[in-house]
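>>> from the sequence below, what's the structure:
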Amino acid sequence: MQGVVIKSTGSWYTVLTDAQTIIECRIKGVFRIKGITTTNPIAVGDNVKFEMENDGRGVIHEIADRKNYIIRKSINLSKQSHILAANVDQAFLIVTLAFPRTSAGFIDRFLLTAEAYHIPTKIIFNKVDLFEGDSLLMQELDEFIAIYERVGYTCFKVSATKETDIEMLKELSKNQITLISGHSGVGKSTLVNAMDANLNLKVGEISDAHSKGKHTTTFAEMHPLSYGGFIIDTPGIKELGLVDMEKDEISGYFPEMYVLKNQCKFNNCIHLNEPKCAVIEAVEKGEIAPSRYASYLGIMNGEELQIDY
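Here you go, the predicted model:
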């Protein structure tokens, strides 16, 4: 039998079969995918083959080649990597500029990872209803959006609680496999519930004292949408370490730097302090956002990003 993994809890995998039945499966013995070392050999979104056992459960014995996958790397001493999901068509990165605030560094690291694993990403600015009447916050939001739209990312301003522009997200996710990601408290589960009320995902609370989110989703899970397609809800990302990359390839995942790569004086320029660097010149002219270049420098210098909620 075959199907798609819709939930993983570490040792057991929930598989939705081609016949639309749900089978709990495990893996037999050591199961490793060639060239990938992660804490989870099988991820949500994987297409698998399995054999039924007498107790009504299955044993997975084969995993199909992945179209793509996205990895999160721990920044603690273990440095372990974990596959968030596989075989996705797109990602919605949910961010907020307040209650709690998403940093530019977090956004840029996620976008870099998505670029590296060939996952188109749209940036969803949630909780815009909280900015009503605050012209300074609205101006900051528009400036934030302008930075990312200028380099090719589609951005949306929505309110999950007031269901502002939710129909647009429904249309974009129809018949697609969409990964929902972001850190805790940005309203991922509330947003998914607004897109499809049939899902009724558990919604967390925000700590009033610190405007910090409380984790509600503990494992990635794929949910079928009533209007077609799937949503993969992921745990709030607390730390975002980057999977090992060579320094000379990192700028290639910043679209605004990639287009300038042939304009630098030196072919091996990594845009740090080299003379006649087209990227540095673009930053000085305001053609590349200082925040994006600061994120690039942080990544190149090996700085880790820890989210304190």
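>>> what about the strands in the stretch 1-150 of the chain?
Using DSSP state E, counting those that start in this stretch, the strands found in the stretch 1-150 of the chain span residues 2-8, 13-17, 22-27, 47-52, 58-63, 69-73, 81-86, 90-95, 121-125.
>>> now do the contacts for Lys265.
With contact taken as C-beta atoms under 8 Å, 6 or more residues apart in numbering, Lys265 is in contact with Glu274, Pro275, Lys276, Cys277. For the C-beta atoms, the positions are set from N, CA and C on the backbone; glycine is no exception.
>>> now for the last one, how many residues are close by?
Think Cys277. Look at Cys277: counted by other C-beta atoms under 10 Å, it has 20 neighbours.
>>> so which of the strands of the stretch 1-150 of the chain comes closest to Thr234?
Among those, the nearest to Thr234 by C-beta to C-beta is strand 81-86 (5.3 Å).
>>> just the pLDDT for Leu242.
Note on Leu242: pLDDT of 62.
>>> the nearest residue to His271 once chain neighbours are set aside sits in which helix or strand?
Counting by C-beta to C-beta, 6 or more residues apart in numbering, Val279 is the residue found nearest to His271 once chain neighbours are left out, at 3.9 Å. In this structure, Val279 sits in helix 278-284 according to DSSP states H and E.
>>> list of residues touching that helix?
For helix 278-284, the surrounding residues in contact (C-beta under 8 Å, 6+ apart) are 251, 256-257, 260-261, 263-264, 269, 271, 273-274, 288, 290, 293.
>>> now swap in stretch 289-298 and tell me
With contact meaning C-beta under 8 Å, 6+ apart, stretch 289-298 is reached by 104-105, 108-109, 147, 150-151, 250-251, 254, 256-257, 271-272, 279, 283, 305.
>>> swap in 10 Å and give it another go.
Contact partners of stretch 289-298, identified using C-beta atoms under 10 Å, 6 or more residues apart in numbering, comprise 103-109, 111-112, 143-144, 146-148, 150-151, 250-251, 253-257, 270-272, 279-280, 282-284, 288, 303-305.
>>> where do the helices sit along the chain?
In the chain, the helices defined using DSSP state H lie at 104-116, 135-150, 166-173, 188-195, 247-250, 255-258, 278-284, 290-300.
>>> buried deepest among those, which one?
The highest average neighbour count among the helices of the chain, using mean count of other C-beta atoms under 10 Å, belongs to helix 188-195 at a mean of 24.
>>> centre of the chain to that one, how far?
A distance of 16 Å separates the centroid of the chain from that of helix 188-195, by C-alpha atoms, centre = their mean, to the nearest Å.
>>> the inter-axis angle of it versus strand 90-95?
Between the axes of helix 188-195 and strand 90-95, defined by axes from the mean of the first three to the mean of the last three C-alpha atoms, to 10 degrees, the angle is 120 degrees.
>>> by contact count, what packs against helix 188-195?
Packing contacts for helix 188-195, counted by 3 or more C-beta pairs under 10 Å, 6 or more residues apart in numbering; DSSP states H and E, involve strand 90-95, helix 166-173, strand 177-181, strand 230-233.
>>> which residues does the second one contact?
Going back to what we said before, that points to helix 166-173. Against helix 166-173 from outside (C-beta under 10 Å, 6+ apart): 89-90, 92, 122, 124, 154, 156, 158-160, 178, 180, 191-196, 225-231.
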